[in-house]
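*Asks:* Have a look; sequence and predicted model below, questions after that.
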Amino acid sequence: MKNARHVDICFSPALHANYHREGNLVVVIDLFRATTAIITAMANGAKSIKPVADIESALACRDNGFVVAGERNGHKLAEFDFGNSPLEFTTGRIQNKDLAITTTNGTQAFAAAQGQEAIAAALINYKAAMQYIQSGKQDVLLLCSGWTNKMNIEDTLLAGKFARDLLAEAGFYSTSDSIAIAEAMLEAAGSNWLEFILDSSPRLKGKYELLKDDMAWAMRQDIFNVVPLLKNDRLVPASEY
Ligand SMILES: O=C(O)[C@H](CS(=O)(=O)O)OP(=O)(O)O
């Protein structure tokens with residue numbers, strides 16, 4: 001379709017090479033919790049955020065003046081200043097700081113997107129991320145961080161919401177089965193995503209006590225208008241949307 005923009009969903013960073021299209025915009029999604037945490041940190045004044053795939057490289061960033069955030073399997077790592085809870089990134093702790101962050105899944109998705117135009121998206125910056133996507137001309141790849149290279153429910157729901165809203169507009173199309181899968185899940189979830197997620201995912205139900213405040217934060221829509229944009233190896237604010 002001439003001039004129309006293709007929309008696709010990749011359910012895991014491990015599948016990224018199969019979905020990549022030259023020059024596409026990669027929208028990295030990690031609702032629980034990496035992109036929600038990154039957006040919160042940037043909205044609260046972080047100067048830049050460097051997603052780092054491995055623990056040693058993230059810690060080494062301290063030598064270059066970064067504060068560091070590190071999490072694996074939901075738990076903050078020893079020696080790090082922050083874990084992966086968005087609620088930790090308060091203005092008092094993060095304003096004017098350069099942050100390096102490594103997490104179980106989200107920072108692996110940014111590693112897959114390295115060298116491409118990539119933004120961080122969540123529900124908390126949904127409208128701003130949509131406006132950023134709409135303002136471009138490229139094909140769009142919604143890249144779910146998933147869980148340890150597998151598909152997960154929460155990122156699929158959010159990717160389905162972006163896809164549905166983009167495809168409702170003129171100028172976007174898709175040929176991908178991923179869209180039908182994500183939209184069917186979105187339909188099944190109805191309006192109470194958190195209830196649906198907890199009912200459907202033993203993994204997240206088991207983590208509910210640990211993550212419940214962060215999950216509630218992640219479910220809030222459009223509280224920030226910042227869009228973190230990957231420039232070289234760091235996320236910086238795109239313009240305000
Ligand atoms: O801590 C997180 O939010 C997750 C790990 S898990 O799903 O809780 O095990 O990391 P993320 O990279 O944000 O998916």
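*Replies:* Perfect, I can see it now.
*Asks:* Poorly predicted segments of this protein, please.
*Replies:* For the chain, the stretches flagged by pLDDT under 70 are 1-2, 240-241.
*Asks:* Kindly list the longest helix within it.
*Replies:* helix 153-167 (DSSP state H).
*Asks:* what packs against it?
*Replies:* strand 5-10, strand 25-29, helix 126-134, strand 140-144, helix 177-189, helix 193-200 (3 or more C-beta pairs under 8 Å, 6 or more residues apart in numbering; DSSP states H and E). Backbone N, C-alpha and C define where each C-beta goes, glycine included.
*Asks:* Alpha carbons only: can I get the third one in PDB?
*Replies:* Put plainly, it is helix 126-134. Extracted C-alpha coordinates of helix 126-134, given in PDB (Å, rounded to 0.1, in the frame of the first residue of the first chain):
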ATOM      1  CA  TYR A 126      -0.100   6.300  26.200                       C
ATOM      2  CA  LYS A 127      -1.500   9.400  24.500                       C
ATOM      3  CA  ALA A 128       1.900  11.000  24.100                       C
ATOM      4  CA  ALA A 129       3.400   7.800  22.700                       C
ATOM      5  CA  MET A 130       0.500   7.600  20.200                       C
ATOM      6  CA  GLN A 131       1.100  11.200  19.100                       C
ATOM      7  CA  TYR A 132       4.700  10.500  18.600                       C
ATOM      8  CA  ILE A 133       3.900   7.500  16.500                       C
ATOM      9  CA  GLN A 134       1.300   9.400  14.500                       C
END
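*Asks:* mind putting the helices and strands packed on helix 153-167 in CSV, distance to the ligand and mean neighbour count included?
*Replies:* Below are those laid out as CSV (distance: least, C-beta to the nearest ligand atom, whole Å; neighbours: other C-beta atoms under 10 Å):
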stretch, distance to the ligand, mean neighbour count
strand 5-10, 15, 23
strand 25-29, 10, 27
helix 126-134, 17, 19
strand 140-144, 10, 27
helix 177-189, 18, 17
helix 193-200, 12, 17
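*Asks:* Any idea which of these gets closest to residue 120?
*Replies:* Among these, the nearest to residue 120 by C-beta to C-beta is strand 25-29 (5.4 Å).
*Asks:* circling back: outside of the helix or strand following the longest helix of the chain, which residues touch it?
*Replies:* Downstream of helix 153-167, the next assigned helix or strand under DSSP states H and E is strand 172-173. For strand 172-173, the surrounding residues in contact (C-beta atoms under 8 Å, 6 or more residues apart in numbering) are 1, 4-7, 140, 166-167.
*Asks:* what do you get for stretch 204-216?
*Replies:* By C-beta under 8 Å, 6+ apart, stretch 204-216 touches 32-33, 36, 74, 85-87, 153-154, 194, 197-199.
*Asks:* switch to 10 Å and redo it
*Replies:* 31-33, 36-37, 40, 73-75, 83-88, 147, 152-154, 193-194, 197-199, 201, 217-218 (C-beta atoms under 10 Å, 6 or more residues apart in numbering).
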